[in-house]
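> quick check, what structure comes out for this input:
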Amino acid sequence: MEKEMLALVKLKEGDDKFPKFMGWMQSDEGLVERSKFAIPSKTIGTVTPDKSAVMFKVFVTDKDGMMDFVSGKNQSMKPTYDECIESVQLWDLNEVEL
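I've put the predicted structure just below:
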């Protein structure tokens with residue numbers, strides 16, 4: 001079952017962190033890893049003007065896989081995570097009836 005989640009990724013200081021992080025996320029390897037727990041083609045992302053943080057709305061198919069990924073436990077992502085990511089916050093999104 002698909003679940004919508006919001007991830008806020010705060011990057012470490014340095015002009016090279018944003019391009020390195022996004023380069024991995026958009027690489028073939030990154031897409032393969034992300035597709036194990038989410039639907040990458042449905043992910044919506046935005047970045048702060050100073051490129052110190054990125055926010056993603058993610059359509060998640062495996063919540064445990066998503067949590068491992070954003071906590072740095074994914075072995076493929078770990079080198080990029082350790083170099084570029086300061087912290088990650090994750091929220092479940094629920095629709096509100098109007």
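
> which helix runs longest in this structure?
Using DSSP state H to define each element, the chain has its longest helix at helix 17-26.

> and it, C-alpha only, in PDB?
Extracted C-alpha coordinates of helix 17-26, given in PDB (Å, rounded to 0.1, in the frame of the first residue of the first chain):
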ATOM      1  CA  LYS A  17      27.200  19.000  -0.500                       C
ATOM      2  CA  PHE A  18      24.000  19.800  -2.500                       C
ATOM      3  CA  PRO A  19      25.300  18.800  -5.900                       C
ATOM      4  CA  LYS A  20      26.900  15.600  -4.500                       C
ATOM      5  CA  PHE A  21      23.700  14.700  -2.600                       C
ATOM      6  CA  MET A  22      21.400  15.400  -5.600                       C
ATOM      7  CA  GLY A  23      23.900  13.800  -8.000                       C
ATOM      8  CA  TRP A  24      23.600  10.500  -6.100                       C
ATOM      9  CA  MET A  25      19.800  10.700  -5.700                       C
ATOM     10  CA  GLN A  26      19.400  11.200  -9.400                       C
END
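
> which helices and strands sit right next to that helix?
For helix 17-26, the contact count by 3 or more CB pairs under 8 Å, 6 or more residues apart in numbering; DSSP states H and E identifies strand 3-11, strand 53-60, helix 78-84 as packing neighbours. All C-beta spots, glycine's among them, are computed from the backbone N, C-alpha and C.

> repeat that for 7 Å
strand 3-11, helix 78-84 (3 or more CB pairs under 7 Å, 6 or more residues apart in numbering; DSSP states H and E).

> let me see the mean pLDDT of the longest one.
The average of the pLDDT scores along strand 3-11 is 97.

> repeat for stretch 26-44
Within the predicted structure, the mean pLDDT of stretch 26-44 is 96.

> tell me the buried residues in it?
Buried residues in stretch 26-44, counting neighbours by 16 or more other CB atoms under 10 Å, are found at Gly30, Glu33, Arg34, Phe37, Ala38.

> check stretch 6-19 too.
Neighbour-count burial for stretch 6-19, counted by 16+ other CB under 10 Å, picks out Ala7, Val9, Leu11, Lys17, Phe18.

> endpoint to endpoint, that stretch covers what distance?
Across stretch 6-19, the straight-line distance between its terminal residues is 21 Å, by CA to CA, to the nearest Å.
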